[in-house]
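1. model this:
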Amino acid sequence: MADQPTNPFALLMQPVSSLSQAPTGSEVIPEDEGHSSKVIPGDTLSMPGIAASEDSPVVTKSVEQGSEVRSIDDEVRRIDRMIQDVFLITIDHEGRTRSKGMPPRCVYLVEVADKLREEKGADCCCLGWDDIDQALFERLLLEDPSFHVIHMVESSASYRNEEQVAGQQYVMRYLLGCYRRSNKAYKISEGAAVEYADKCRQVTLSNAVTCLLTPEVYNGQDTHQQMLDILLDTFLDGDFDMASNFITDLADALLVDPDLPQTDAFRPILDILYKDISEDPSLLEPQNYAYCGIMELFTKRPNLAEVFMNHITPSNPKDAKSYEKTLVGIILSLSCLPKANGEVEFFQNPSRKSQTEHKTTQQFVWQPIAKLNEWMYRIFKNIFKASPDIRNKMLTWLGNCLQSNTGRGKLWARQLPNFNQTYSSDSFFLNLGCVLLRFCSPFTKPENDSILTVDLSYCRVQLGTDPSEAHMAEKGVHLKGLPEETCLVTLEDAPTIPTKTPYKFPTEIFFITHRCLHLGFHCILERFNRLNRDLHQIQEVFQEAQRMMGGNSNPVVERLLEQMEKAMGTFLSYKASLLEPQLIEHSWNLHIATTRLLVQYATTDNREKLVTPTLPLPEDVPQCLVSIPEFLAENLTEYLQFLRRFAEQSFEDGRETLTHVMTFIIVFMGSKQRMNNPHLRAKLAEVLEGIMPRKDQPMGRSIIPTYHREQVFQEHPLLPYLSHALLSIFVDIEFTIIINAVFYHYLGTTVSRYSKSIPYSPTYRMLYSASLWT
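-> From the prediction side, this is the model:
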């Protein structure tokens, strides 16, 4: 054996142990699907544990040619090894490709193995790139892949998990596993192996696309249902990012061929998702967040967002209720408000529970409401950012939704018996308002001049009877019907207000949000106030019945008690939804910013920087007020009146921003030239009464600080003109309109309280006395 170095057949005489050593430069890589490690060879490839035999193609050539042949063979073996690692398939059932760290279990492809041996010879035991499409297709068509799983390593270990992974029956779960393994190999490989891993990933995505487009080919498997199940499962087990990347890469792969129908690939997933969500929607359903995560996923790519927008767009845009019956509409309709049949979900049997228990329940329901609204905000935000076309579709969706639900703001419509079946629900509009308020946050932050980016001439743009999406995108206006709205000032010869199209996103979202609040919060608040009055009447009748009939045992008293319980539960449900902290906070910022903007337009032509007005105001009224709709001021007054009754602490939380409320009251309440509607100006007097600090706190209520309100009534620079504004509206109402006694009482109370609460400064009292005679 001494002449082995010069013997051309010396390779045959090397001991098996010398072939069992890993080559220099090889990298041992851990694997995630059951086998502990794998080898990505460097310049050479060893086959650990495999003894050389006469069947090996390596030994059929001379030494001079052996290096070239072995190099080719090494590349074939490396490719086959990567295919085994990623796809867990093989055509080697004799262990010729066995090596260290290889998958312990693979699916043996009988038909592919027979075909390749016929074409390439009986010694063929490796898969290559020319064979991978056929091999993977056969693997996906197997009815029972587990039947074809073979052992790739000699070991006493059972490898049960690895056998289940290799024999995965559901094609989309199997391809997701291939995608995961290819990504892992790509990250940890070096040299040519990186290219091999990327090739495997592309093959995986190509076949996954085929599975989604032609699911009927794969033994009747419902690939879209499988994909949705994967997304739901991975969302719960924390592997959602991998499944998300799989979907987005599939969407990118579809873009390579413009002829591939993206809708056919992804819309069925949304159809199944819609069916699941709409079965029995509930605010406390744990799957809600998974549903939202999947919807957010479908907004992360422009082509996916387009499929999503087409899915949620009603076939009839004038059908008001149809917007609630969409994927986003169902989630937006989840709240603690009573259901359509009047059933109360959370505040049941309220008389048997303490005030503390009611507050605990209230805080409990706020949590899922805030989380779901945040999810919807992210979904809408992704859609707005997807592309200009997709953003235009979303704004059109919002504009059509608000226009078709205009009847919610009509008093006669709210009296209709089929109101809830005709228009979208209170829950839908309240939550939609919460979502839209978040988009206003960047330009409505306190003490920020960004609100001037909103152009109020937006309301004068005429869109026509049935404008197209392209026309609205060109104008930058998607909210219909604004030119027909009643404005702050009405003139017989109204001037033509120049428009500045196209309008930017802050202007659009500002008016869309206000319109949504007017159709949502405003209408719900009216229903809530009516419910509050009815509840007081029922309580009075119940107490009188108890007194007259002696206890609760009488059937009449029992019916009244049941009626009162139901009314109280409904009242508490409405109260909890209207006091949701995020809604209160974002609404405060929007309305404060609105007061600053309206005061700016009413007192100066400066559109560059917000300035504090000086009084007396000039007699010439800015013509721009004829284009500003009243509902901006109505939203403000209704919101502040609600806070006065049910969330007075919010006035103190507003701190210095209360100054802007006072400025708005002084400018508009005493100037009928700037606000023609005396009823609306009278509501400002009610708001004034609400922010006045109380010297005597009502019995049974916790003591609320009044420091910041006192500061406003002591330090506001326009305070000397407040008395004139207050008396002006009092006189205007008394001599120009007929009002009910309750309203007149509120106004008189405001004047009385104010006259008693004015500062004791001699100068101020002199100004106040002088204003009585002007």
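2. What is the neighbour count of residue 271?
-> By the measure other Cβ atoms under 10 Å, the count of residues near residue 271 is 13. The way it works is simple: take the backbone N, C-alpha and C, and place the C-beta from them, glycine included.
3. no, scratch that, I was asking about residue 521
-> 25.
4. List the contacts of it.
-> By Cβ atoms under 8 Å, 6 or more residues apart in numbering, residue 521 lies in contact with 429-430, 433, 578, 583, 587, 635, 638-639.
5. Swap in 6 Å and give it another go.
-> Contacts for residue 521 (Cβ atoms under 6 Å, 6 or more residues apart in numbering) come out as residue 433.
6. Which parts of the protein are strands?
-> 27-30, 37-40, 89-90, 105-108, 149-151 (DSSP state E).
7. quick one, phi/psi of residue 718?
-> Dihedral pair for residue 718: phi -100, psi 10, per degrees, to the nearest 10.
8. what's around it, how many residues?
-> Residue 718: 17 surrounding residues under other Cβ under 10 Å.
9. Excluding covalently adjacent residues, which one is nearest to it?
-> residue 666 (4.9 Å; Cβ to Cβ, 6 or more residues apart in numbering).
10. these two touch, right, that neighbour and residue 720?
-> No. With contact defined as Cβ atoms under 6 Å, residue 666 does not count as touching residue 720 (9.6 Å).
11. neighbour count winner among the two?
-> Comparing residue 666 with residue 720 by other Cβ under 10 Å, the one with more neighbours is residue 666, at 27 against 19.
12. Contacts only, for the more buried one.
-> Contacts of residue 666 (Cβ under 6 Å, 6+ apart): 718, 721-722, 725.
13. Which pLDDT does the model give the closest residue in space to residue 657 that isn't next to it in sequence?
-> Using Cβ to Cβ, 6+ apart and skipping the chain neighbours, the partner closest in space to residue 657 is residue 592 (4.8 Å). pLDDT, residue 592: 96.
14. ok, which stretches of the stretch 1-150 of the chain are helices?
-> Using DSSP state H, counting those that start in this stretch, the helices of the stretch 1-150 of the chain run over 16-19, 63-87, 110-120, 129-141.
15. tally of neighbours for residue 279?
-> As a burial measure, residue 279 scores 8 neighbours (other Cβ under 10 Å).
16. What count of nearby residues applies to residue 342?
-> Applying other Cβ under 10 Å, we find 10 residues neighbouring residue 342.
17. From residue 573, how far out is it?
-> Distance of residue 342 to residue 573, computed by Cβ to Cβ, to the nearest Å: 11 Å.
18. ok, now residue 281?
-> Remark: distance between residue 281 and residue 573 (Cβ to Cβ) = 16 Å.
19. try residue 351
-> 15 Å.
20. Could you do residue 276 as well?
-> Taking Cβ to Cβ as the measure, residue 276 falls 26 Å from residue 573.
21. who has more neighbours, those two?
-> Just comparing residue 276 and residue 573: by other Cβ under 10 Å the higher neighbour count belongs to residue 573, 26 against 14.
22. got the contact list for the more buried one?
-> Contacts of residue 573 by Cβ under 6 Å, 6+ apart are 336-338, 344, 347.
23. let's see it at 8 Å
-> When contacts are counted by Cβ under 8 Å, 6+ apart, residue 573 touches 336-338, 344-347.
24. likewise residue 455?
-> For residue 455, the contact set (Cβ under 8 Å, 6+ apart) comprises 500, 503-504, 507.
25. list the contacts for the closest residue to residue 249 other than its chain neighbours?
-> Once flanking residues are discounted, residue 249 sits nearest to residue 205: 5.6 Å by Cβ to Cβ, 6+ apart. Applying Cβ under 8 Å, 6+ apart, we find residue 205 in contact with 179, 249-250, 253.
26. circling back: just the contacts of residue 666: which are in helices?
-> Among those, the members falling in helices (DSSP state H) are 722, 725.
27. out of the contacts of residue 666, which are buried?
-> 718, 721-722, 725 (16 or more other Cβ atoms under 10 Å).
28. Quickly name whichever of the residues you listed is closest to residue 460.
-> Among the buried ones among the contacts of residue 666, residue 725 lies closest to residue 460 (Cβ to Cβ), at 28.5 Å.
29. what's the burial count for the residue nearest to residue 398 when sequence neighbours are not counted?
-> Counting by Cβ to Cβ, 6+ apart, residue 512 is the residue found nearest to residue 398 once chain neighbours are left out, at 5.5 Å. Neighbourhood size, residue 512 [other Cβ under 10 Å]: 21.
30. looking at it, residue 512 is touching residue 435, isn't it?
-> No. If you go by Cβ atoms under 8 Å, residue 512 and residue 435 don't touch, sitting 10.9 Å apart.
31. which one of the contacts of residue 205 has the most neighbours?
-> Neighbour count (other Cβ under 10 Å) singles out residue 250 as the most crowded of those, with 24 neighbours.
32. what's near enough to touch that one?
-> Going by Cβ under 8 Å, 6+ apart, residue 250 touches 205, 208-209, 212, 265.
33. cool, and residue 172?
-> 208, 211, 223, 226-227, 230.
34. confidence score at residue 12?
-> Reported pLDDT at residue 12 in the predicted model: 32.
35. cool, and residue 683?
-> Per-residue confidence (pLDDT) for residue 683: 89.
36. returning to what we had before: and which of the contacts of residue 666 is nearest residue 685?
-> Residue 685 has its nearest neighbour among the contacts of residue 666 in residue 725, at 8.9 Å by Cβ to Cβ.
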